[in-house]
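Enquirer: Here is a sequence with its predicted model. Questions after.
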Amino acid sequence: MKKILYLDDEKDDLVLPIKRKLESTGKLEIKWDKPDFYESEVGNLLDSLSHYDGLLLDLQLNGPQEDGKQVKYQAPTIAQTIRTYATEGKIKDIPIILCSTEARIKETYDKDFTSHNLFDWTFLKKDINDETIEKIICMCNGYSLIVDKKGDFEEILKRKVSEIDERVFSRFMSKKSTPPSHEIARVIFKDLVQPIGLLVDENILAARLGIDIAKSADTKKVFETFNDQKYRGVFSECWPRWWSDLIVETFEKITGKSLAVLNAKERVDAIKQSLRLNNIVSASPEELNSSTDFWTICQVSKNPLDPFEGYRINMREEPKPWQEYSYASLISFVGRKAQKEGIEVHPLDEERLKQDSESLSK
């Protein structure tokens, strides 16, 4: 069982249901505290964090409490202090997870990019379910492994570092000092696991293989063929990923053909013939698109997409050299679904999207 310290300034009738949900599977033990004044709270954490596997913070900690107490700081402030003390070796390095409401996330957190790296993961209070619990546990287990292996990236990632783009971990390769565990965790999760690039999720794996998941009964059997290409490192239990370079290599070994030069039907035909599977259907392009040279997905519909027919999404920061842009399709912007989900087109694709949208009405 993982022990989690939870700081939240809300009233009992709002926080206790959250605590009960998080403890519902018996895998988490939640200790809920209301935030104390800053210096007192820092002292509390210095004394107590060694007894916990993770820290859960509400975004806004400065609401009035029943006893009239009102602190004057928010989650990023206390998170930054914890990270500093962890770097100095004064406090245990554990995952810091943000838990808040959708309104507060949009109002404050989404606008303050500087604080994002302070938190390992974020979830909404209204969305708590068994998957949320498993991801919290996964974060705790990941940190434990990173702390235990002390910069041994081959053990942490379960792959030879020499096979990975050297720029990902170049800052950690100095032998003069061991980097803080939270920095290693942040780079692995936010620069490697979450973005599209060296690793891809099952939707992009299916897109690159040309498969329509919903219509293909043998999708699982195809994925099993690429089982050895799965990412086995930290955080993989709850964020399943595949190494993109190994997918390409394995496809060529299996079929004798180059993945990148085939369209969806050709890829699926090659898989059918090589694996002797019949229940696989090639994916079709989204409405208003025509290409089946799929390599990514539309982030709105999650359907396969040729990047040349998609529009780059305006992300919080530009992709790093080993990462790829995320895309959305024309129909997702024309139909306003992208905008409803808070997805904006990248400034460099604004004019092209405008022209393509206007051409539909001519």
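Expert: That came in fine, so what should we check first? Residues are numbered from 1 along each chain as shown.
Enquirer: Domains of this structure: list them as residue ranges, please.
Expert: The domain map for the chain lists 2-145, 193-283, 286-362, with the assignment taken from automatic domain parsing.
Enquirer: Any chance of these in JSON lines with distance to E166, mean neighbour count and mean pLDDT as columns?
Expert: Placement of C-beta: from N, CA and C, glycine included. As requested, those are exported to JSON lines (distance: least, CB to CB, whole Å; neighbours: other CB atoms under 10 Å; pLDDT from 0 to 100):
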{"stretch": "domain 2-145", "distance to E166": "22", "mean neighbour count": "17", "mean pLDDT": "88"}
{"stretch": "domain 193-283", "distance to E166": "12", "mean neighbour count": "18", "mean pLDDT": "97"}
{"stretch": "domain 286-362", "distance to E166": "10", "mean neighbour count": "17", "mean pLDDT": "95"}
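Enquirer: wait, which of those domains is closest to E154?
Expert: Nearest to E154, of all the domains of the chain, is domain 193-283, at 9.5 Å by CB to CB.
Enquirer: Could you list the residues in contact with the host helix or strand of I331?
Expert: I331 belongs to helix 330-334 when assigned by DSSP states H and E. Residues from elsewhere that reach helix 330-334, judged by CB atoms under 8 Å, 6 or more residues apart in numbering: 286-289, 298, 300-301, 309-311, 338-339, 343, 345, 353, 356-357, 360.
Enquirer: what does stretch 147-160 give?
Expert: Stretch 147-160 is contacted from outside by 93, 145-146, 161, 164, 169, 172, 178-179, 181, 184, 188, 231-234, 243, using CB under 8 Å, 6+ apart.
Enquirer: ok, now with 7 Å
Expert: The set of residues external to stretch 147-160 that reach it, using CB atoms under 7 Å, 6 or more residues apart in numbering, is 93, 145-146, 161, 169, 172, 178-179, 181, 184, 232-234.
Enquirer: so who does R167 touch?
Expert: Shown in contact with R167 (CB under 7 Å, 6+ apart): P321, W322.
Enquirer: before we move on, the earlier item: kindly reformat the domains of the chain as JSON lines containing distance to I156.
Expert: Shown next, in JSON lines, are the domains of the chain (distance: least, CB to CB, whole Å):
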{"stretch": "domain 2-145", "distance to I156": "6"}
{"stretch": "domain 193-283", "distance to I156": "6"}
{"stretch": "domain 286-362", "distance to I156": "17"}
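Enquirer: Mind checking which of the contacts of helix 330-334 are in strands?
Expert: Taking DSSP state E as the definition of strands, those contribute Y311.
Enquirer: Just the ones of the contacts of helix 330-334 in helices?
Expert: For the contacts of helix 330-334, the ones inside helices are A338, Q339, L353, D356, S357, with DSSP state H as the criterion.
Enquirer: farthest-separated two in those?
Expert: Q339 and D356 (15.7 Å).
Enquirer: picking up where we left off before, between the ones in helices among the contacts of helix 330-334, which is nearest E39?
Expert: Once CB to CB is applied, the member of these that ends up nearest E39 is Q339, at 44.3 Å.
Enquirer: How about that closest one, nearest residue that isn't a chain neighbour?
Expert: Taking CB to CB, 6 or more residues apart in numbering, and ignoring the residues beside it in sequence, Q339 has F333 as its nearest neighbour in space, at 7.3 Å.
Enquirer: Quick check: phi and psi at L246.
Expert: Torsion angles at L246 (phi, psi; degrees, to the nearest 10) stand at phi -70, psi -30.
Enquirer: ok, it - contacts?
Expert: With contacts taken as CB under 7 Å, 6+ apart, L246 has the following neighbours: Q229.
Enquirer: This structure: strands as residue ranges?
Expert: Under DSSP E, the chain gives strands at 2-7, 28-33, 54-58, 96-100, 121-124, 199-200, 242-243, 296-297, 304-305, 311-312, 327-328.
Enquirer: Distance to M139 added to those strands, as JSON lines?
Expert: Written out in JSON lines, the entries for the strands of the chain read as follows (distance: least, CB to CB, whole Å):
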{"stretch": "strand 2-7", "distance to M139": "9"}
{"stretch": "strand 28-33", "distance to M139": "11"}
{"stretch": "strand 54-58", "distance to M139": "6"}
{"stretch": "strand 96-100", "distance to M139": "6"}
{"stretch": "strand 121-124", "distance to M139": "6"}
{"stretch": "strand 199-200", "distance to M139": "17"}
{"stretch": "strand 242-243", "distance to M139": "21"}
{"stretch": "strand 296-297", "distance to M139": "25"}
{"stretch": "strand 304-305", "distance to M139": "30"}
{"stretch": "strand 311-312", "distance to M139": "30"}
{"stretch": "strand 327-328", "distance to M139": "28"}
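Enquirer: if I look at L192, how far off is S177?
Expert: Computed with CB to CB, to the nearest Å, the distance linking L192 and S177 is 22 Å.
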